[in-house]
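Q: predicted model and sequence follow; I will ask about them next.
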Amino acid sequence: MSKVVSGHVLDLVSTEMITARTPANPEKIEEMDKELTKVIEDFNHAVDVEALRLAKKNGKPLLSLPADDPFSMTHVEQEFLLTRLKRVETGYDLRLCCMEGTRETLLSRIMAWAANESDTSNLYWIHGFPGIGKTSFAHSICEKLHNKERLAGAFFCQRDDANMNELRNILPTLISKLAEKFPTFRSIVADRLRSDPNLTSRSMKGSLFLDFIRNLPRHPKHALVFVIDALDECGDDQNRPVLLKILTEAATHAPWLKIIVTSRPEDEIQRFFHRLPRLSYSSYDLSMDQDAEADLQTFARSQFDLVAKVWILPTPWPEQPLFDRVISRANGMFIFIETLVLVLKQCEDPEETLKASLQDSGLKPLFNLYSSILKARRVPNNAEFRQVIGVLLTATPYRTLSEDSIAELAGVRPNLVRKWVDNLSSLLYRDEAANGGLRVRHSSISEFFVSDHCAYKVNIEDANTQLGSACLKTMMEQLRFNICNLDDSRLANANIIDLPSRIKEHVSDALQYSSLYWSNHLCFTPDNGDPCVWGKLKEFFEGLYGLFWVEVLSIMGMVPIGAPSLRRVISWSKVSSAPSCHLRKRFQLDVECRFRCCPKNPGCLPFHHHLPPPHLYQHSTHLYFNGPIPALTVIFIEDLQQRIY
């Protein structure tokens, strides 16, 4: 309604203005511009007031509005989109940009491409091997675009972040950011979401983004650019080309929309671009950058000056012959210099450490550096250290874990983990933005620990199995009845004011993680009939642990993952190629008897979201003990999910 009326007003006034737009009528043009502005402002104000009145009438919660604009429809729509699209908070960081004076020629080329709206190549692929500086360059690009008001939105993929490594988070995030930048686009997205209450960021198809683009009545005043960094660290080789296809089609239909993608030259990404018409995209290999060596030398000199300052050494340090060897060994990798400088700041003798790190062992320069760090820091090459690294590598795709949680799940003393993290601070760090969770400083470090170049090599399949087993062990040790010591069973979870603090006090981080992801790790690799694993499963489901597990899911608000977790284990046990064991046969028979034959009966468990965890037992224990446990747990969780959600 508002768009039709406002569009009609614009058409009428625009017609008169075009008629009047002659050199003889400058006063009339100015007068009509003022009148048009006043009409639009009055109309938008009236629409905003009516929208808020209807929101109150329908009993919808009022959204907070800026103090200086209490009737801002823009703010209403933005908050609406934030609620429905659930975008990931990601953006460029000035601290992570390239050093001043580096990559200048290439940045100028990118900015010229972004400003050239007649260029038919609306897609730009920037690629290079690990550590060459792709992400820093992406941050610099975003800064330049932002300064020119051309940045539509950015998404920085990150393999060890559960939000940043999920491919389906990219489009909703970019749509939300473009909606903030371009009001016409925002209105189209908001209207579509209002007309379809079942449309969410999870159910949104890529074709919907194309519909939004096609339905735009007018374009922005100048070209806007999306930036997606490290695409190879998000999704898999099947769905990455699907996203690229959607983005390419969008850019084809909207000449004002340009897209920059950075990644490693992975096979599926290379194949996608090579199949496109050559004039439809631009690409650049950072390893071929003619200014790269000079930029690396500038960067290295600035970093070594910091080392000299720490050690009170004469500058320039090191002397030119040794410096040249460092540049040669780095082979274009900025991460090599960054990691080396971190080591030199903390070692006992920077000169000797620098020389030792340049010894040619025939390994890749970066992996060789990582090996020398482990050797220099005298980290023990034993099962305990590999277990710690195994938990770190296998858990990070889901979420980061603190030192204490990693120690608990790895079965290692916490003081040892803290010591190793301190000693390896050039490879690992505590991310304060993730409550102190441990991360690797660069994705190549994760690859190093699972490669044949590493003397401390971690078998990722074995590490997942061990972590899945550790999660089961943690749940059996820590789960118990009414774990949060709730005093009043009449209160719903939502009405327990101090529930978050009770969870923090009574449900350890290791238990929270175990309850959420135990089946992901257990089922990561095919079942090999390990009697230890099946023994833990038998013990877990024959006791009360399954019911206590559901209680923890309930207080965490994560009941919906319960049934999928059990289905995953059931499917995993059925497709096993390992020789059958008695425990697995019994598990499958129990499931077949109840899971297939027992119809889901919503009335069998009179439980809904108004009942807190203690009531869970009052209404379900009679059923829980009546038959094979695994199938009953699935039915129970499905019923609970239906009643809560």
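A: Now that the structure is in, tell me what you want to look at.

Q: surely Cys527 meets Trp572?
A: For residue 527 the amino acid is Asp, not Cys. Yes. Shown here, Asp527 and Trp572 form a contact pair, counting by C-beta atoms under 8 Å, at 5.9 Å. Using the backbone N, CA and C atoms, a C-beta is placed for each residue, glycine as well.

Q: neighbour-wise, which of these two wins?
A: Higher neighbour count among Asp527 and Trp572: Asp527, with 21 against 17, using other C-beta atoms under 10 Å.

Q: just the pLDDT at that one, thanks.
A: With respect to pLDDT, Asp527 has a value of 80.

Q: from Leu537, how far out is it?
A: 10 Å (C-beta to C-beta, to the nearest Å).

Q: do Glu79 as well
A: 45 Å.

Q: out of those two, which sits in the busier spot?
A: Leu537 (19 against 14).

Q: pull out the buried positions in the helix or strand where the more buried one lies.
A: Taking DSSP states H and E as the criterion, the element that holds Leu537 is helix 531-542. Within helix 531-542, the residues that count as buried by 16 or more other C-beta atoms under 10 Å are Val533, Trp534, Lys536, Leu537, Lys538, Phe540, Phe541.

Q: got a markdown table for those, with distance to Tyr284 and pLDDT too?
A: Formatted as a markdown table, the buried residues of helix 531-542 follow (distance: C-beta to C-beta, whole Å; pLDDT from 0 to 100):
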| residue | distance to Tyr284 | pLDDT |
| --- | --- | --- |
| Val533 | 48 | 86 |
| Trp534 | 53 | 84 |
| Lys536 | 52 | 88 |
| Leu537 | 52 | 86 |
| Lys538 | 57 | 84 |
| Phe540 | 53 | 88 |
| Phe541 | 55 | 81 |
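
Q: looking at those, which is nearest Ala463?
A: Val533 (14.0 Å; C-beta to C-beta).

Q: pretty sure that closest one contacts Gln466?
A: No. Val533 lies out of contact with Gln466 (C-beta under 8 Å); the separation is 9.7 Å.

Q: tell me which residues in stretch 407-417 are buried?
A: Ala407, Glu408, Leu409, Ala410, Val412, Leu416, Val417.

Q: please enumerate the strands of the stretch 51-200 of the chain.
A: Ranges of strands within the stretch 51-200 of the chain are 123-127, 151-156, based on DSSP state E, counting those that start in this stretch.

Q: contacting residues for Ala463?
A: Going by C-beta atoms under 8 Å, 6 or more residues apart in numbering, Ala463 touches Gln387, Gly390, Val391, Leu393, Thr394.

Q: helix or strand next in line after the helix or strand it falls within, which one?
A: Taking DSSP H and E as the definition, one finds Ala463 inside helix 460-478. Going down the chain from helix 460-478, the next helix or strand is helix 499-506, by DSSP H and E.

Q: now, the most widely separated pair of the buried residues of stretch 407-417?
A: Leu409 and Leu416 (13.8 Å).

Q: can you give me the domain boundaries for the chain?
A: 2-62, 94-288, 294-359, 383-458, 461-644 (automatic domain parsing).

Q: tell me how far the most centrally placed residue in the chain lies from Thr400.
A: Nearest residue to the geometric centre of the chain (C-alpha atoms, centre = their mean): Met164, 1.6 Å. Using C-beta to C-beta, Met164 is found at 12 Å from Thr400.

Q: so where's this structure uncertain?
A: Along the chain, the model assigns pLDDT under 70 to residues 1-27, 30, 33-34, 37-38, 40-78, 359-364, 576-645.

Q: coming back round to it: tabulate the CA atom coordinates of the helix holding Leu537 in PDB.
A: The C-alpha trace of helix 531-542 is given here as PDB (Å, rounded to 0.1, in the frame of the first residue of the first chain):
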ATOM      1  CA  PRO A 531      33.800 -53.000  22.500                       C
ATOM      2  CA  CYS A 532      34.900 -50.100  24.700                       C
ATOM      3  CA  VAL A 533      32.700 -47.700  22.700                       C
ATOM      4  CA  TRP A 534      29.700 -50.100  22.700                       C
ATOM      5  CA  GLY A 535      30.200 -50.800  26.400                       C
ATOM      6  CA  LYS A 536      29.800 -47.100  27.100                       C
ATOM      7  CA  LEU A 537      26.700 -46.800  24.900                       C
ATOM      8  CA  LYS A 538      25.200 -49.800  26.700                       C
ATOM      9  CA  GLU A 539      25.900 -48.300  30.100                       C
ATOM     10  CA  PHE A 540      24.600 -44.900  29.100                       C
ATOM     11  CA  PHE A 541      21.200 -46.200  27.700                       C
ATOM     12  CA  GLU A 542      20.600 -48.900  30.300                       C
END
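
Q: Phe367: neighbouring residues, count only.
A: So Phe367, with other C-beta under 10 Å, has 19 neighbours.

Q: oh, I was asking about Asp229
A: 27.

Q: again, but for Arg490
A: Neighbours of Arg490 (other C-beta under 10 Å): 10.

Q: who does the host helix or strand of Glu338 touch, helix- and strand-wise?
A: Per DSSP H and E, Glu338 falls inside helix 334-346. On a contact count with 3 or more C-beta pairs under 8 Å, 6 or more residues apart in numbering; DSSP states H and E, helix 334-346 meets helix 292-311, helix 320-330, helix 350-357, helix 365-376.

Q: and the angle from the third one to helix 334-346?
A: To tie it back to what came earlier, the one meant is helix 350-357. 140 degrees (axes from the mean of the first three to the mean of the last three C-alpha atoms, to 10 degrees).

Q: before we move on, back to that, is it possible to get a markdown table of the buried residues of helix 531-542 that adds distance to Leu342?
A: Putting those into a markdown table (distance: C-beta to C-beta, whole Å) gives the following:
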| residue | distance to Leu342 |
| --- | --- |
| Val533 | 39 |
| Trp534 | 44 |
| Lys536 | 40 |
| Leu537 | 43 |
| Lys538 | 47 |
| Phe540 | 43 |
| Phe541 | 47 |
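
Q: ok, so of those, who is nearest Leu566?
A: Using C-beta to C-beta, the buried residues of helix 531-542 come closest to Leu566 at Phe541, 9.3 Å.

Q: so which of the strands of the stretch 51-200 of the chain gets nearest Cys347?
A: Among those, strand 151-156 sits nearest to Cys347 (C-beta to C-beta), with 31.4 Å.

Q: how about that closest one as PDB, C-alpha atoms only?
A: C-alpha atoms of strand 151-156 as PDB (Å, rounded to 0.1, in the frame of the first residue of the first chain):
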ATOM      1  CA  LEU A 151      30.900  -1.900   0.800                       C
ATOM      2  CA  ALA A 152      27.600  -3.700   0.700                       C
ATOM      3  CA  GLY A 153      28.700  -6.400   3.300                       C
ATOM      4  CA  ALA A 154      31.500  -8.800   4.100                       C
ATOM      5  CA  PHE A 155      31.800 -12.400   5.400                       C
ATOM      6  CA  PHE A 156      35.000 -13.700   6.800                       C
END
